[in-house]
Every structure is written in structure tokens, then in C-alpha cells.
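1. Sequence and predicted model, in that order:
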Amino acid sequence: MAKSEATRTREETWSKAADLPRDEEEEAKSEATRTREETWSKAADLPRDEEEEAKSEATRTREETWSKAADLPRDEEEEAKSEATRTREETWSKAADLPRDEEEEAKSEATRTREETWSKAADLPRDEEEEAKSEATRTREETWSKAADLPRDEEDRLALDLVWNTNFKERHHFYLPARTHKHHIRFIVDTGSPDSVISLAHVERKQIQPSDTKEIYYISHAIKILGKASVTLFVGKDQQEIVYDFLVADIHREHTTDLVAMNFLTDFECIIHIDSELRLTMSRTPREPQAGDYNSPYLDLAVSAGKGEATRYKFLVDTGGSNALPMGYAETAGARIVRRGLGRYCLTYRVKGNFRIDFGSFSRQMKDPLARESTHGTLCQKFLMRTVVNLKDWSMTFKGRNGDVTLPLIN
């Protein structure tokens, strides 16, 4: 009864205040505030149910205060929010004297109140700016935190886009775009060649140092080597700087064959992703050069023709070559030899027919490959699509519809 009477008194006072001059209106509101405080004071002496009802009434009063604050000038709005903040603090203070369950409930209510306060603050320009800055700070801190958990080698790796060659006759090639201080260069990425080469057109003669290598073979011709040079390259969208020693080829044309071959790919621990997104990841700095030759990667695979029995051969993983079978196997399988020509290291023949290469749980077809007078075959062109050639862990992954297959590379 005391609560209901106090409520009616307050409502009547607020209603009448709306028709009073400004000073009288403030005085009337102050009277309503005192009435509410007296109600809370009296509620402490009421039975439990009436006490809860009185507190619920006070809670609704606070919510109405927040609602009305949105229509007040800036100073009055801040004052109203300060009042709500004090109310929350009082709630937490009182909660300390409550039983455990009631204390948790009170704290949950205070938490919801704080979240609602932040939500309403989002409508203010200044608060939006501060909130955005806080979010950006948290994002940065999370990024730095995650970076601290990465292995050192993953943190220090570059991710670079590669480019397919649009020349129909050399469509199996893809390039690593780079530049020096004076020239833009497209390096063929070639896992079938041991030595990386740069054209004389892209370096200055004063950079060239003596080299033990005097000649290399590429495709079907020999290339004279003038020496070696330490070349600074800028790669990737951010033009990251890398330095490496290249053999200098005695060719002056601007658009000749520049290669990043197995020594570069091994020293930088490169991983080549051959898919719809053609890219290469590599270390920022090369490891110490290894002693001896840099061998190309091979796979031990089974090859068959039609319903014939499968035979195992080594296959060179060659990102700069053409699909090929060992000539001995092509003849044994009864393949039709249609043309003879020159290859990179030996005679090659054009073969008509379809062959199946098995990778364990699935296989791929090789159509009309070359055949070479060699003891191994070659995998390249479209056969390498949807694969990852990992020269860091020395493995190769084939992506199939029913899952991926990862095989060890051998040399």
C-alpha cells in the first residue's frame, strides 16, 4: 500500500511538473526524486515480497530516466548517465552483502547495464571514434600475440604471386616477376635445372665475378656462362629485397631466358602452389649453399597403359619441361611413335596414347606424352595442376576429389 501510494504521488507530481515554469518544474522533479528515495528507505522495513516490488519500481524509474535522457541537452544527458553509473556501483556494493546466488544475479544485472550503456554510447560521434580505435588496438594486439606464437621460419617467409606464360608454345612455363634497380625481369621457375641464370642484359659487367661453370645446357642448346654475380632483386607486391648469386649468361637480349632453378629454390626453401592461385612461398634470406650439385626432385610412381600391368619408374618433377615417358617403357607398352626430335639432354619422340600414373589412392591420365632415351619419366604442364611442390620439407602433395595425397620427393 505504501509503495502504490508513493508511485501515484510521483506520477502525479511529474505530470503536473510538465505544465509548470522551468524553475518550478525542476523543484517538482526534485520532490519526485526525494519521494522515490523515501520509498526505497521505507521498502527496507517491508516484508520480502513488498521490498522486491518496491525495488522493481525503482528499477523501472531508472530505465525511464535513461530513456528521457536521450531527449535532454548534452550536459543533462551526461548527468543522467552519471546517475545510472552510480546506481550500478551501488548495486555492486549492495550485492556483496547478499547470499551467493543473489550476489551473482546482481552482478549479472550490473554487467548487462554496462553493456547497454556501451551500446547507447555508440550513437555518439566521439564514442564511435573511441570505440573504433579501441577495436583497432585490440586487433593489433591480437595480431602481435599470434605472431609471437609462430615458428621463426614461418614468420620470416614471403608469399609471392607467380604468372603463367601466355605463349602457346611454352604454355607449361610460369614466371616469378622481379626487378633490379634498372630492369624488370620474368624468371622461369624451373625445378628441372640445377643452376639459376640471369642474362647479361640485366647486370653490369663490373658485377661479374669468375665462376667454375663455363657452360650450361637448356632445352636443346648450350649457353655460355661469363661468370657469376650477386644480384639484388625486389619481389612481391611490397617489393621485398632479396640477394642471390646467379650465373650470368652470355646473351644480351632483354627478353631471353632468366631462370630460378634448383639452387635458388632449395636455398630459399621454396614451396610452389600450382593451382587456380599460382604462388610461391620462400624464406627472406637463403640458407648456406650446399656442397656439390643441386639435384632435381623425383617421385617413385607406377605407370600403366590400358589394361596392362603397371611398372614403377622414377619421374622428374619438372616445372619447366614437358610430360615424358622412358622410351623403353613406351616401346614395351606398344605405344605408337610418331615423331623424333631433340630434347634437353637426349633424343625425344612424340608418342600417341593414354597412360595412367598412379599415386596410391587415385591416378591421373597422361595423354600423348613425349618419350625419351632415358631411365626416368617427366611430370610437368597440366599434370602438375592442383599440386604443392614443397622443397622445404622435400615432399609433394596431389589434391584429389577424395582427399589429398602427399608423397616424399627423392633425388
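-> In hand now; what should we look at?

2. ok, which stretches of the stretch 101-250 of the chain are strands?
-> 157-161, 163-164, 174-179, 184-189, 197-199, 215-218, 221-235, 240-249 (DSSP state E, counting those that start in this stretch).

3. Could you list the domains of this protein?
-> As assigned by automatic domain parsing, the chain contains the domains 2-127, 158-283, 298-408.

4. Helices of the stretch 251-400 of the chain, residue ranges please.
-> 262-267, 327-332 (DSSP state H, counting those that start in this stretch).

5. and those, which one's lowest on average pLDDT?
-> Lowest mean pLDDT of the helices of the stretch 251-400 of the chain: helix 327-332, a mean of 89.

6. by contact count, what packs against that helix?
-> strand 311-317, strand 347-352, strand 370-372 (3 or more CB pairs under 8 Å, 6 or more residues apart in numbering; DSSP states H and E). All C-beta spots, glycine's among them, are computed from the backbone N, C-alpha and C.

7. neighbouring strands for the longest one, and are they parallel or not?
-> Paired strands of strand 311-317, with direction, are strand 298-304 (antiparallel), strand 377-379 (parallel) (DSSP bridges).

8. now, of those strands, which is deepest in the fold?
-> Mean neighbour count (mean count of other CB atoms under 10 Å) peaks for strand 377-379 among the strands paired with strand 311-317, with a mean of 27.

9. Run through who's touching that strand.
-> 192, 299, 303, 313-318, 321-326, 329, 357, 369-370, 372 (CB atoms under 8 Å, 6 or more residues apart in numbering).

10. Pick the most deeply packed of the helices of the stretch 251-400 of the chain.
-> The most buried one of the helices of the stretch 251-400 of the chain (mean count of other CB under 10 Å) is helix 262-267, showing a mean of 24.

11. what are the C-alpha coordinates of that one, in PDB please?
-> Once non-C-alpha atoms are left out, helix 262-267 reads as follows in PDB (Å, rounded to 0.1, in the frame of the first residue of the first chain):
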ATOM      1  CA  MET A 262      67.000 -25.800 -58.000                       C
ATOM      2  CA  ASN A 263      69.800 -24.000 -56.200                       C
ATOM      3  CA  PHE A 264      67.600 -20.900 -55.700                       C
ATOM      4  CA  LEU A 265      64.500 -22.900 -54.900                       C
ATOM      5  CA  THR A 266      66.400 -25.100 -52.400                       C
ATOM      6  CA  ASP A 267      68.400 -22.400 -50.700                       C
END
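
12. if we can go back for a sec, using JSON lines, lay out the helices of the stretch 251-400 of the chain together with distance to F174.
-> Output for the helices of the stretch 251-400 of the chain, formatted as JSON lines (distance: least, CB to CB, whole Å):
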{"stretch": "helix 262-267", "distance to F174": "13"}
{"stretch": "helix 327-332", "distance to F174": "27"}
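
13. who wins for proximity to H221 among those?
-> When the helices of the stretch 251-400 of the chain are compared by CB to CB, helix 262-267 sits nearest H221, at 19.7 Å.

14. Now do that closest one: which elements does it pack against?
-> Short answer (3+ CB pairs under 8 Å, 6+ apart): helix 262-267 packs on no helix or strand.

15. Recalculate using a threshold of 10 Å.
-> Applying 3 or more CB pairs under 10 Å, 6 or more residues apart in numbering; DSSP states H and E, we find helix 262-267 packed against strand 184-189, strand 240-249, strand 279-283.

16. what's it in contact with?
-> Contacting residues not belonging to helix 262-267 are listed as 176, 187, 189-197, 242, 244-247, 270-272, 280, 282-283, 285-290, 293-297, 319, 389, 391-392, 394, 411 [CB atoms under 10 Å, 6 or more residues apart in numbering].

17. Quickly list what the residue nearest to I208 when sequence neighbours are not counted is bridged to.
-> Of all residues not flanking I208 in the chain, G227 sits nearest, at 4.2 Å (CB to CB, 6 or more residues apart in numbering). Beta-bridge partners of G227, counted by DSSP bridges, are V248.

18. distance of G227 from R205?
-> 9 Å (CB to CB, to the nearest Å).

19. what's the answer for K314, then?
-> Taking CB to CB, one finds K314 at 41 Å from R205.

20. Compare the two and say which one has the larger neighbour count.
-> K314 (16 against 10; other CB atoms under 10 Å).

21. In this model L299 seems to touch that one, though I could be wrong.
-> Yes. The pair K314 / L299 is scored as a contact, 7.2 Å apart, by CB atoms under 10 Å.

22. residue contacts, the closest residue to Y349 other than its chain neighbours?
-> Residue nearest to Y349 in three dimensions, not counting chain neighbours: A371, with 4.5 Å by CB to CB, 6+ apart. A371 makes contact with 324-331, 333, 335, 337, 340, 343, 347-351, 353, 377 under the criterion CB under 10 Å, 6+ apart.

23. try it again with 7 Å
-> 324-325, 327, 330, 337, 348-349, 351 (CB atoms under 7 Å, 6 or more residues apart in numbering).

24. Please apply the same query to G308.
-> So G308 contacts A333 (CB under 7 Å, 6+ apart).

25. Could you number the chain from 795 rather than 1 from now on?
-> Right, with 795 as the first residue, what we last looked at is G1102.

26. Now do it against D1187, distance only.
-> Per CB to CB, G1102 is found 34 Å from D1187.
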